[in-house]
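Undergrad: Below is the structure, and that's it, no one-letter string:
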Ligand SMILES: [Zn+2]
């Protein structure tokens, strides 16, 4: 099944909510690649296949420049029609072929505040759609009980489950872009309210990936950063989202969190001219790499704020299978402009550090839950560039706990006050009599994949987004996904 045909508004809504295309799968065709389930053929940007990268870059640049002109026109034309001061959001950059990302905005809530500037269309438990009988600019509390969905004083009905016991959602589709808010924030796309038991529900925003990215790129990058860094971020964030969508289990109703557990998503108010342009300029482009069998596929395109000069591999950080595109690299001082390139020392009393490790162990059902007071901490293993990738914690009973660098950082940061957070696992450790000292810290975040401060530096140095990405992900190629 493809997404090629144009679908009417309710046809889109009436399709199975998960059925927005087959699972994303890249299928190599000699020097071309396509993603099954999407319509467009593929453009590759791969210096090993196209030795004339400058020519290719120029081709891409010209194409993107045309896209930028069209975007500016798209923004300018409505500006003529709408009076100055109108707060209508810019038109969506997406096409009908853009895959849909399912963002979980709220998890397990017992109510949500819904604002409707214009009465939206809604559908309960997959029955026929209707228009909500509400005045303009209505704000009401949505909840669910034994009698079904309750919107303010109005009962929308709907059984919480179908005969098979599956929770059926309430669906809301805004009459016009940006006219429905969830807890005060307007989002593109449409909404599902999925019961999760105990009169609680998830709020899920089904939004095409490019509309989603418009407020991810702005939230994940600093304002004022170079447009080429923004474009690189748009491609990486698109790849990350599509990978998450591809690997979501069939029973799961959503693909990504709306925060740092996936990517930070702010909705329409968070969109900026820079993020909209970066998404439009790179629409459909993702980063991919050959797997062990030589099949070119998208991968989990991790990124973090600052690598501190040495990145770590996805395999080391997250105990995942080794992916060459996510290998560790030494970039020396490329991202030294980051305020977290150097940090520390951070001193934490052993009793306080023990409290955090025990809490970490309890939350994750790990052996640290039984830990006695920490006696010492050592770096157990470093990567080839000298960045720690495994730590050894020994308690006063002599018990030994070996943690990967990221596990160690998560443990140190569990229940931690902001003043003693470990910004990264790229740090040296000194075990004093009553405290653990973290010194010579570098970087911010896990340090896997693209470093955003490195990306900004490379953009300042004149690199295009294609080269910024290929520098961050060795062996990778750029492909058109839709
Ligand atoms: Zn860096």
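TA: In hand now; what should we look at? Since the model is a prediction, treat every value here as computed from it, not as a measurement.

Undergrad: so where's the stretch 351-482 of the chain uncertain?
TA: Within the stretch 351-482 of the chain, no stretch has pLDDT under 70.

Undergrad: which residues in it form helices?
TA: Secondary structure of the stretch 351-482 of the chain by DSSP state H, counting those that start in this stretch: the helices cover 405-413, 452-460, 465-472.

Undergrad: Over to the chain?
TA: 9-14, 53-81, 209-220, 227-247, 273-281, 314-318, 350-364, 405-413, 452-460, 465-472 (DSSP state H).

Undergrad: of those, which approaches residue 434 most closely?
TA: helix 350-364 (6.0 Å; CB to CB). For every residue, glycine as well, the C-beta is placed using N, CA and C.

Undergrad: tell me which parts of the protein are close to the ion?
TA: Within the chain, the residues that sit near the ion (CB under 5 Å from the ion) are 307, 335, 451, 454.

Undergrad: May I have the beta-bridge partners of the third one?
TA: Right, residue 451. Legend: beta-bridge partners of residue 451 under DSSP bridges are residue 304.

Undergrad: tell me the contacts of it?
TA: Residues near residue 451 by CB atoms under 8 Å, 6 or more residues apart in numbering: 303, 304, 305, 306, 307, 311, 331, 334, 335, 443, 472.

Undergrad: Now do the domain split for this structure, please.
TA: Per automatic domain parsing, the domain ranges recorded for the chain read 1-76+210-303+461-482, 102-207, 346-439.

Undergrad: What's the end-to-end length of the shortest one?
TA: With CA to CA, to the nearest Å as the measure, the first residue of domain 346-439 is 7 Å from its last.

Undergrad: That one: how far from the chain's middle?
TA: 27 Å (CA atoms, centre = their mean, to the nearest Å).

Undergrad: can you count the residues close to the closest residue to residue 324 other than its chain neighbours?
TA: Using CB to CB, 6 or more residues apart in numbering and skipping the chain neighbours, the partner closest in space to residue 324 is residue 475 (4.6 Å). Neighbours of residue 475 under the rule other CB atoms under 10 Å: 14.

Undergrad: In this structure residue 475 contacts residue 291, no?
TA: No: Residue 475 sits out of contact with residue 291 when judged by CB atoms under 8 Å, with a separation of 10.6 Å.

Undergrad: and of the residues of the chain next to the ion, the nearest to residue 130?
TA: After measuring the residues of the chain next to the ion against residue 130 - CB to CB - the closest member comes out as residue 451, at 49.6 Å.

Undergrad: contacting residues for the residue nearest to residue 467 when sequence neighbours are not counted?
TA: Leaving out its chain neighbours, the residue that sits closest to residue 467 by CB to CB, 6+ apart is residue 458, at 7.2 Å. Listed by CB under 8 Å, 6+ apart, the contact set of residue 458 reads 228, 229, 334, 467, 468, 471.

Undergrad: Stretch 170-182: which residues count as buried?
TA: 170, 171, 172, 173, 174, 177, 178, 179, 180, 181, 182 (16 or more other CB atoms under 10 Å).

Undergrad: typo on my end, stretch 150-161
TA: 150, 151, 156, 158, 160.

Undergrad: try stretch 349-367
TA: 350, 352, 353, 354, 355, 356, 357, 358, 359, 360, 361, 366.

Undergrad: got it, and stretch 327-339?
TA: 327, 328, 329, 331, 334, 335, 336, 338.

Undergrad: May I have the residues that are in contact with the second one?
TA: The reference is to residue 328. Going by CB under 8 Å, 6+ apart, residue 328 touches 310, 311, 312, 313, 316, 383, 384, 385, 387.
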